[in-house]
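Participant: generate a structure from the sequence data that follows.
(2 chains)
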Amino acid sequence: MFTPVSSKPNLSRQEEETLRFWQEEGIFDRLRERNQGGSRFSFTDGPITANNPMGVHHAWGRTIKDMVQRYQAMLGRDQRYQNGFDCQGLWVEVEVEKELGFNSKKQIEAMGLDHFSRQCRQRVERYASLLSQQSQRLGQWMDWDNSYYTMTDNNIEHIWHFLRTCQAKGWLYRGRRVMPWCLRCGTSLSQHELVGADSYQDLTHTAVFIQLPVAGQTGLSFLVWTTTPWTLSANVALAVHPELDYAFVEQEGQTYILSSRLVGKLLPHGRLVKTVKGLELLGWHYKGPFEQFPARTNAERVVISWEEVGEEEGTGIVHIAPGCGAEDYELSRRYSLSVIAPLDENGDYVSGFDFLSGRNVKEVTAEILEDLRRHGYFFAAEEYSHRYPICWRCHEELVFRAVDEWFIRCDEVRPNLIRAASEVHWIPASAGKRMEDWLTNMGDWCISRKRFWGLPLPFYPCPQCGRLTVVGSIAELESLSGQQPLPVPELHRPWIDEVKIHCPQCGASVERVPEVGDCWLDAGIVPFSTLNYLHDRPYWETWFPAEFITEMREQIRLWFYSMLFMSVTLEDRAPYRQALVYEKLLDEKGEAMHRSRGNAIWFDEAVEKMGADVMRWLYISQPIENNLLFGYGPAESVMRRMLQLWNVYAFFVTYANIDRFDPSVYRSDPAQRSFIDRWILSRLNTLTKGCRKALDAFDGATVTSLAESFMDDLSTWWLRRSRRRFWKTEEDQDKTDAYLTLHEALVTLSRLLAPLAPFLCESLYQNLVRSADSQAPLSVHLTLYPEPITELIDTGLEDKMDLVKEVIGLGRSARNKVNLKVRQPLREMILVGLTFSEQSVVKELADVILEELNIKSLRCEDRILGLQQILLLPNLPMLGPRYGKRLPQIRRALQEMDAEQALSTLTSGQPLRIWWLWRQSWMKVSARKALRASWFMPSRTCARSLAFRWRTPSAPTINPIPASPRFGSASPLICSGKPSVRHSWRESQQRRRRTNYASKIQ
RNA sequence: GGGCUUUUAGCUCAGCUGGUUAGAGCGCACGCCUGAUAAGUGUGAGGUCUCUGGUUCGAAUCCAGAAAGGCCCA
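Facilitator: Numbering: from 1, shown residues only, chains lettered A, B, ... in the order given. Sure, this is the predicted structure:
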C-alpha cells in the first residue's frame, strides 16, 4: 500500500517533515560515506557575511550551489561540503555599532577594543548559526558543523603568509591616496562602497565665489567657485581648460578673470576688457587666503591646465586642493604640487591651520566665510544643490582626505592574472571578458583599513632603522617577539597590538601598524586556508583548484578577483576551473528590492509561504545571465507546475491502492508495451539524457524547461489518454503496463529532479519506492543519477506521436471552425497531403486519432481535385548558394508556372523546364535532374489539408479544412472556401547536402 | 570617456552555424470535461523581432552606426 496522498498538499509543511527524516536517518552522512573515496569534485564556497539573516538573493546562489553538489553526489563524487562565513570588516562593525547605539569611532575606543571585538565575534556567531539554520531549511546540504570562519587564526595566518610573499616580491608599499572618508565611521571607503542607490544624496551646500589676486598685478583677480570652503586652506593651484576662452571683465574698479561664457551670468554689468585662451594663463601665480598658516609653508599657488574643466557651473576656474580631492591629487602628481592634508580621521583640523586647528570641519564654514570677507577674498555665496556622496552605512556626508594606506603593487602580477583568468571557463563567457577588463584596468590593491575588527596587518616598521618587517606566520611572530606561546587569546585587536617584536636589523622594539586588512583578503585566501595549505600540503593538493565556484556578478572584481590575485601570487595559477556568475535578484516588477521601499521579501516568510522547492525551482529556472524577478506572482505559476506533477502522482497512488498494485511484483518488458507507453518511456529517457547533459554544464534552467515539457506530456497526453486503463475492473497486461509505466516515469522523474527540488522528489520517492521495496536506497538522494536507457529512446516513435498530436490538433481546430463539438460523432475524416510515411503513421495510429476526435473512420488521399492548391516553391538552402543572383528569377518562373500542370508533368516523369534570362541568352535546366536533386518535391505532398464528412440533416457534405500552421497558412483559403496544399521538401532537405548535386545542373 | 550586456506577443523569456509562414509559458477571449474535480483540458486572438544603414539571392540572426535600459571601470 502507498500512503494516500492529499490532492492539495501543504508543501512547506511536508518539507519540514522531510528535513526531520533526513536528520533522523542521517541521510547526508550516509551520502558522504558512500561517496568517500570516489572521484573528487572540489567546490569552494564563497563566504557569506555572517551579519544579517539570509535574504532571498542569497538563497539564489545557495540553491545553485546545492543543485550542483547534489548532482555531483548522485554521480558518486566525493566532496568536502564546506560552507563559509565572512566574519570581519566594516559590515560587522557597523551592525555592532548600531546595536550598541554608537555613532563614532571614539565611542568604540572608550568602550574598549576588547569588548568591541567580543561583541563582533558574538554577532558573527549568532548570525552564522541563523544562516546555517536558514540554509538547511532551503535544503542546502553542507557540513554545517565544519564551516570555515574568516576570523580564525588559521585564516589570518594564511593571509600573513601571502602578505609576506608580496613583500618578498617587492610589491608591498605604503602610499598616499585621497579616499572618500566617512568622518563618523572614521574610515575610508573603498571605491566599491561608493556605488549603488545608497551612495549619493541630493544635498544643499553653501557654495562660495572668491576672488584671488594675480601675483604682481593690482586690481586683477581670478574668480573661483567652490562648494567646499573648508578645502581652501589646502589650495595650491587653480585649473583652467587650455582651449576655453577666458574673459577679463572690469567691474567697479576691479578686473576679474573668468570663463567668457559665464560672464553674462556672474558679471552682467561688467565691461569686457579682453579675452584670452586658458593656455595663456598657465603658470600665472596668485595670492590666496590662509597664506599665513604654518601648514602652508612653501606651498605654491599656480595656474595649471586640466582638460576636465567645464563651463556648466562655477567660473570655469577650478580650485585645486590635492589633499582634499581624488582628481586634485592626481593633478598634484602630474604637476608636482604640494599635498596639504588638513583633516584628521574625525574631521578635525590638524595642527598648522591656525584658528582652524582642533576644530571640526562641520562647524567652521561660517568662520571661514567671515575670514574670507575680512581679507577681501569674498565675492559672493549661494546655496547650491547637488548629488553628493554619502556613507552607505551611516548616511553621513563623505569628505575626501589624503591618507596613508598600504598597497600591493600589481603591475608585475597583472599579466599573470590575465593569463590565469583566461584559463578559467567562465559561465557565461562575458564574465571572463569583464574579469579581463578589470584586470587590465585595476590599480594597486589598497589592503588597509583604519578600523578594529579585522585581519591585523602583520607590518612592523622599525622607528629606529626604518626596516619594515612583515611577519609571515604565528611561529615567526613568536620567535621575533620572544614570546611562546603568544600571550593573546586570538589574533585580533587589541590583543595582537600588545605584541611587540625586536627589529631583526637593529633590535629595537617595534609595534604593529594599527591598520586592519581589507575583508577581501579574508575571503581571497580561502582556497588556501580552508585546505590547510601551510600545514598540510598534500591535503591541499588533493582539493586545489576548485572544480567549480559560483557567485553573483559583482563578485568578479571582488571575491573572484581577490582569490585569483592571491592564488597567482602564491602558486601562479587560478584557484578555480569553472566560474559561474549569476545576475541580480529584483522584485517581480523588475525593481531592486529595498527594505525602505517595502518590496523586500524575507527568506523566512518566503520559505513558509511558497516552500523551499518552489523557491529553488524559481531560482533554477532562471537563465543565469538574466536578472531574476522574484515574488509571489512568479511563485504561483511554479506552484502550479508542481501541483501538476503532484496530481499525476496522487492519481497513481489513488488507483494503485484501489488495485493493490505492487511495483515490485509486476513485470513487463518495456519493448512489448503499447505505443503510448513506449512513447512516454522514450520521452523519459530522452529527458534523462538532456538532464545529464545540462547538469554537466551547470545549466539548471535547461533541466527545468525539459522537465516542464515532459511533465506536460505526461499529464496532458499520456495520463489523459490512459485514464481508462486504470478504471477498468479486470486485471490484464494492459493495466499492469499502465501502472508500471507511470510508476517508472514518476520514480525516474523524482531522481532526475532530486538535485533541483530535493523535498518534493524525496516525498515521491519514499512513497513510490521505499514503501514497496525496503531494499531500495533509503533516500532518493542516495540513488545514483539515472542513466538513459538508450534502447528505449526511439526518436521515430516520438516523431510519430508528434504527428498524431498535430493531426488531432488540426481536427480539433477544424471542429472549432465549423462549430461542431467533439461530442457530436462524425462519420469520416479525410486527410489530404500527407507523405507516404506520414500516411502509414496515421493509419497505424488511427484509433487514437479517431477516439480523440470522435470520428468513425479515417481516410488519406494524395490529392482531391478542387480541394487543394498546389504551389511550387524553390528549395532555397539548396538553390541559393548555387544560383545566387539568379534565384529571384527561378522563384518568379516557378510562381508563374501552372503548378497543377507542373505537378502532373513531374509525376509522370517528364522533365520540367524552367526558363530564365541569363547573360542575354535563354538557358534551361532539366527539372528531372533537379527533381532527383530534390530541388522540388512534387511526388510527395507534405502539407496537409483535412476534410470531414459527417451526417447532417440534409445531404452529406464535404467541408474542407486545411491545414497545419507548421506547413502553411491556409487560413485565407479557408475564408474563401478554397482548400490548399503546398509542397515541401523538409525531409529531403535534412537528408541531403547541396554539394552532392551541384554537378547535376546542366 | 573605455568595457561588458540587454532590447522579439500584454508579461517573463526561447529562437542552434542566415533559408520559405518567428515559438513557449503565463495572462486574455471563447469552449470542453465533470470517475485527477477548490483539479484536468481544447481552440483562438495578440509581434514593422528598438531604429538606420551595410553585406547577401535571402537578415530576428552577420557587420557598422544610433537610441534606450542594466552593470563595471576611469
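
Participant: when you work out contacts or count neighbours from here on, use the C-alpha atoms and nothing else.
Facilitator: OK.

Participant: relative to RNA strand B, how far out is residue A:445?
Facilitator: 10 Å (C-alpha to the nearest atom of the strand, to the nearest Å).

Participant: could you check the pLDDT of that residue?
Facilitator: Predicted confidence (pLDDT) for residue A:445: 92.

Participant: likewise residue A:656?
Facilitator: Looking at residue A:656, its pLDDT is 91.

Participant: how about residue A:871?
Facilitator: 62.

Participant: any stretches of chain A with poor pLDDT?
Facilitator: When residues are selected by pLDDT under 70, those of chain A lie in A:190-200, A:312, A:392-393, A:833-835, A:862-875, A:878, A:899-900, A:902-1002.

Participant: top strand in it by residue count?
Facilitator: In chain A, assigned by DSSP state E, the strand with the most residues is strand A:200-213.

Participant: enumerate every residue touching whatever residue of the stretch 1-150 of chain A ends up closest to RNA strand B.
Facilitator: Nearest residue of the stretch 1-150 of chain A to RNA strand B (C-alpha to the nearest atom of the strand) works out as residue A:7 at 5.4 Å. By C-alpha atoms under 8 Å, 6 or more residues apart in numbering, the residues touching residue A:7 are A:646-647, A:650.

Participant: among those, which ones are in helices?
Facilitator: Among those, the residues falling in helices (DSSP state H) are A:646-647, A:650.

Participant: and which of those is nearest to residue A:503?
Facilitator: Closest approach between the ones in helices among the contacts of residue A:7 and residue A:503, by C-alpha to C-alpha: residue A:646, at 71.8 Å.

Participant: center of chain A, which residue is that?
Facilitator: The structure's chain A has its C-alpha centroid closest to residue A:582; by C-alpha atoms, centre = their mean the separation is 1.5 Å.

Participant: that one against residue A:628, yeah?
Facilitator: No: taking contacts as C-alpha atoms under 8 Å, residue A:582 lies outside contact range of residue A:628: 9.2 Å.

Participant: around RNA strand B, which positions in the stretch 551-700 of chain A sit nearby?
Facilitator: Within the stretch 551-700 of chain A, the positions adjacent to RNA strand B are A:553-554, A:557, A:589-590, A:623, A:625-629, A:637, A:640, A:643-644, A:647-648, A:651 by C-alpha under 7 Å from any atom of the strand.

Participant: just the ones in strands from those, please.
Facilitator: A:628-629.

Participant: among the residues of the stretch 551-700 of chain A next to RNA strand B, name the buried ones.
Facilitator: The neighbour count (16 or more other C-alpha atoms under 10 Å) marks A:553, A:557, A:625, A:628-629, A:643-644, A:647-648, A:651 as buried among those.

Participant: ok, which pair from those is furthest apart?
Facilitator: A:557 and A:651 (51.2 Å).

Participant: from RNA strand B, how far out is residue A:806?
Facilitator: On the measure of C-alpha to the nearest atom of the strand, residue A:806 and RNA strand B end up 8 Å apart.

Participant: so after the host helix or strand of that residue, what's the next helix or strand?
Facilitator: Element membership for residue A:806 (DSSP states H and E) is helix A:795-817. Going down the chain from helix A:795-817, the next helix or strand is strand A:826-832, by DSSP H and E.

Participant: buried set for that next one?
Facilitator: So strand A:826-832, judged by 16+ other C-alpha under 10 Å, has buried residues A:826, A:828-832.

Participant: okay, the residues you listed in a markdown table with distance to RNA strand B next?
Facilitator: Listed next are the buried residues of strand A:826-832 as a markdown table, based on distance: C-alpha to the nearest atom of the strand, whole Å:
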| residue | distance to RNA strand B |
| --- | --- |
| A:826 | 15 |
| A:828 | 19 |
| A:829 | 16 |
| A:830 | 18 |
| A:831 | 16 |
| A:832 | 15 |
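
Participant: what is the most widely separated pair among those?
Facilitator: A:826 and A:832, at 17.3 Å, using C-alpha to C-alpha across the buried residues of strand A:826-832.

Participant: look up phi and psi at the closest residue to residue A:662 other than its chain neighbours.
Facilitator: With C-alpha to C-alpha, 6 or more residues apart in numbering as the criterion, residue A:662 has its nearest non-adjacent residue at 6.7 Å, and that residue is residue A:772. Per-residue torsions, residue A:772: phi -100, psi -20 (degrees, to the nearest 10).

Participant: next one: residue A:772 relative to RNA strand B, how far apart?
Facilitator: Counting by C-alpha to the nearest atom of the strand, the gap from residue A:772 to RNA strand B is 22 Å.

Participant: thought residue A:655 was touching residue A:726, still the case?
Facilitator: Yes: using C-alpha under 8 Å, residue A:726 makes contact with residue A:655 at a distance of 6.7 Å.

Participant: more neighbours: which of those two?
Facilitator: Applying other C-alpha atoms under 10 Å to residue A:726 and residue A:655 shows that residue A:726 carries more neighbours, namely 21 against 14.

Participant: who touches that one in this structure?
Facilitator: Contacts of residue A:726 by C-alpha under 8 Å, 6+ apart are A:655, A:735, A:738-739.

Participant: list, one by one, the residues from the stretch 401-550 of chain A near RNA strand B.
Facilitator: Within the stretch 401-550 of chain A, the positions near RNA strand B by C-alpha under 7 Å from any atom of the strand are A:430-431, A:433-434, A:437-438, A:441-443.

Participant: which two from those end up farthest apart in space?
Facilitator: Between any two of those, the greatest separation by C-alpha to C-alpha is 21.7 Å, found for A:430 and A:443.

Participant: roughly how far apart are residue A:84 and residue A:522?
Facilitator: Distance of residue A:84 to residue A:522, computed by C-alpha to C-alpha, to the nearest Å: 11 Å.

Participant: joint contacts of the two?
Facilitator: Shared contacts of residue A:84 and residue A:522 (C-alpha under 8 Å, 6+ apart): residue A:150.

Participant: so if I had to pick from these two, which one is more boxed in?
Facilitator: The neighbour count for residue A:84 versus residue A:522, taken as other C-alpha under 10 Å, is higher for residue A:522 (28 against 25).

Participant: part of a strand, is the more buried one?
Facilitator: No: under DSSP: H, G, I helix; E, B strand; the rest coil, residue A:522 sits outside any strand and is assigned helix.

Participant: contacts only, for it.
Facilitator: Residue A:522 is in contact with A:86, A:88, A:150-151, A:155-156, A:159, A:455, counting by C-alpha under 8 Å, 6+ apart.

Participant: okay, now the domains of chain A?
Facilitator: A:188-402, A:628-793, A:798-1002 (automatic domain parsing).

Participant: distance of the nearest residue to residue A:647 once chain neighbours are set aside relative to residue A:601?
Facilitator: In this structure, residue A:647 finds its nearest non-sequential neighbour in residue A:7, 6.5 Å apart by C-alpha to C-alpha, 6+ apart. Look at residue A:7 and residue A:601: by C-alpha to C-alpha, they are 28 Å apart.

Participant: same deal with residue A:66?
Facilitator: 21 Å.

Participant: and the residue lying closest to residue A:468 once chain neighbours are set aside, how many residues sit next to it?
Facilitator: Of all residues not flanking residue A:468 in the chain, residue A:461 sits nearest, at 4.2 Å (C-alpha to C-alpha, 6+ apart). Around residue A:461 there are 17 other residues, counting by other C-alpha under 10 Å.
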